[in-house]
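Asks: give me coordinates for this.
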Amino acid sequence: MLCLRDTMGHRALIAYERPDRLYNLHYSHWGALNLRLRQKITERTPFGDEIESEWSQHYYRELLGAQSTPEEIETGIVEDRPHCDVDPAPVALRVTIDDILSTYLDFLHHEALYVVSREFEVYRTLWFGLQYDCETVKGASTVGNGALCTRRWFRGEPVSDGFIRGQFEGLKDVVGDLIDDGVYTPEEATEYMVEKLSEWSGDELEYLVRLLS
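Replies: All right, here's what the predicted structure looks like:
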């Protein structure tokens with residue numbers, strides 16, 4: 001049986017660093033699956049192309065220097081372009097990482113964030129919303145309300161990716177029960193989750209928390 005998540009895709013956002021130290025933001029519908037884009041995005045295949053393409057390389061360079069999306073670049077997107085895991089049409093140009101975290105990144109629906117820079121950072125998203133983990137909470141913002149977790153890599157593959165995500169889901173189950181039992185308020189439950197993520201951080205993993213202001 002095909003699970004619901006598979007039918008919806010494994011969505012990711014990709015932030016490409018520009019020469020002006022800002023970022024161009026792009027979307028991938030399947031890019032979070034097994035964090036596949038970590039190996040697929042290269043200088044020759046900037047959008048995770050199936051094959052190397054002069055079109056992709058040229059379009060990518062044009063976008064890096066664009067102040068806003070020029071009409072001549074938009075018309076350069078042709079029907080016979082190569083298949084790419086990342087949508088070449090940008091979601092936004094010249095944005096900061098803070099803009100991405102506070103405005104564009106949906107911690108529920110985007111499963112990963114790639115920051116394509118010299119270091120090439122890859123993060124899993126962890127949503128703090130508890131509406132599916134307890135009966136008391138009826139809704140929660142999906143933007144600006146979560147944490148990003150780095151990954152350890154071995155021979156190009158993420159280590160313990162499923163375990164770490166499952167560990168966080170288990171934590172949410174526990175605090176959801178505590179809310180329903182009247183032990184925690186939703187705010188206290190979020191504080192507890194943040195504390196646990198801080199405890200789990202170490203030399204190989206780092207959790208970057210983003211809370212609603």
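Asks: residues in contact with H110?
Replies: H110 sits next to R11, A12, L13, A32, T125 when contact means C-beta atoms under 8 Å, 6 or more residues apart in numbering. For the C-beta atoms, the positions are set from N, CA and C on the backbone; glycine is no exception.
Asks: helix, strand or coil for the second one?
Replies: Taking DSSP: H, G, I helix; E, B strand; the rest coil as the rule, one finds A12 in the strand state.
Asks: quick one: the closest residue to it other than its chain neighbours from Q67, how far?
Replies: Using C-beta to C-beta, 6 or more residues apart in numbering and skipping residues adjacent in sequence, the residue nearest A12 is G31, 3.6 Å away. Taken as C-beta to C-beta, to the nearest Å, the spacing of G31 relative to Q67 amounts to 26 Å.
Asks: returning to that earlier point: how many neighbouring residues does the residue nearest to A12 have?
Replies: The number of residues packed near G31 is 29, by other C-beta atoms under 10 Å.
Asks: list the residues that contact S102.
Replies: When contacts are counted by C-beta under 8 Å, 6+ apart, S102 is found next to V143, G144, R210.
Asks: mind giving me the domain split of this structure?
Replies: 1-119, 126-213 (automatic domain parsing).
Asks: now do the longest one: distance to the chain's middle.
Replies: Right, domain 1-119. Relative to its chain's centre, domain 1-119 lies at 11 Å (C-alpha atoms, centre = their mean, to the nearest Å).
Asks: quick one: A15 is in a strand?
Replies: Yes - assessed by three-state DSSP, A15 belongs to a strand.
Asks: quickly list what it is bridged to.
Replies: A15 has the following beta-bridge partners by DSSP bridges: L25, V115.
Asks: what sits against it?
Replies: Shown in contact with A15 (C-beta under 8 Å, 6+ apart): Y23, N24, L25, H26, V95, I97, I100, L113, Y114, V115, V116.
Asks: what about it, distance to V115?
Replies: With distances taken as C-beta to C-beta, A15 is found 5 Å from V115.
Asks: most neighbours among the contacts of H110, please name it.
Replies: Each of those was scored by neighbours using other C-beta under 10 Å; the highest score is A12's, at 28 neighbours.
Asks: wouldn't that one be in contact with Y114 here?
Replies: Yes - with contacts counted by C-beta atoms under 8 Å, A12 reaches Y114, the gap being 6.3 Å.
Asks: joint contacts of the two?
Replies: Overlap of the contact sets of A12 and Y114 (by C-beta under 8 Å, 6+ apart) consists of G31, L37.
Asks: which helix runs longest in the protein?
Replies: Scanning the chain for the longest helix, with DSSP state H as the assignment, gives helix 161-180.
Asks: helices and strands around that helix, which ones?
Replies: Using 3 or more C-beta pairs under 8 Å, 6 or more residues apart in numbering; DSSP states H and E as the contact definition, the elements that helix 161-180 packs against are strand 121-127, helix 186-200.
Asks: would you list the ones you listed in JSON lines and tack on distance to G176 and mean pLDDT?
Replies: Listed next are those as JSON lines, based on distance: least, C-beta to C-beta, whole Å; pLDDT from 0 to 100:
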{"stretch": "strand 121-127", "distance to G176": "13", "mean pLDDT": "95"}
{"stretch": "helix 186-200", "distance to G176": "8", "mean pLDDT": "93"}
